[in-house]
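Trainee: missing the sequence, but the structure's below:
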């Protein structure tokens, strides 16, 4: 499994249904919080998660994909990154 989003989606303007700022939250708690938020969302909804660089940015998208969700876009910034996740559909 790779963490790279579909390059054709990179330039599409995405609108998140919900946002979650997890800067400063350590692994694995950032993934747990992401997973819990996704569980409360409708199938197909989009969650934007703000993560610190390094381990959080490496681990959370990989774990989310293992749960069956789709990483639509990863947008690196200077001190953090935003990850767009689409909840899997049943």
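Mentor: Nice, I can see it. Only a predicted model underlies this, so the values are computations on that prediction, with no experimental measurement involved.
Trainee: residue ranges for the helices of the chain, please.
Mentor: Applying DSSP state H to the chain gives helices spanning 29-39, 55-66.
Trainee: Redo those as JSON lines? Include mean pLDDT and mean neighbour count.
Mentor: In short, each C-beta sits where N, CA and C put it, glycine included. Formatted as JSON lines, the helices of the chain follow (pLDDT from 0 to 100; neighbours: other C-beta atoms under 10 Å):
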{"stretch": "helix 29-39", "mean pLDDT": "98", "mean neighbour count": "17"}
{"stretch": "helix 55-66", "mean pLDDT": "97", "mean neighbour count": "18"}
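Trainee: if we compare the ones you listed, which one ends up closest to residue 84?
Mentor: Taking C-beta to C-beta as the measure, those were each checked against residue 84, and helix 55-66 came out nearest at 10.1 Å.
Trainee: Just the angle for the closest one relative to helix 29-39, thanks.
Mentor: Our comparison of helix 55-66 with helix 29-39, counting by axes from the mean of the first three to the mean of the last three C-alpha atoms, to 10 degrees, yields an angle of 40 degrees.
Trainee: what residues does helix 55-66 touch?
Mentor: 1, 3, 22, 25-28, 30-31, 34-35, 38, 49, 51, 71, 74, 81, 83, 85 (C-beta atoms under 8 Å, 6 or more residues apart in numbering).
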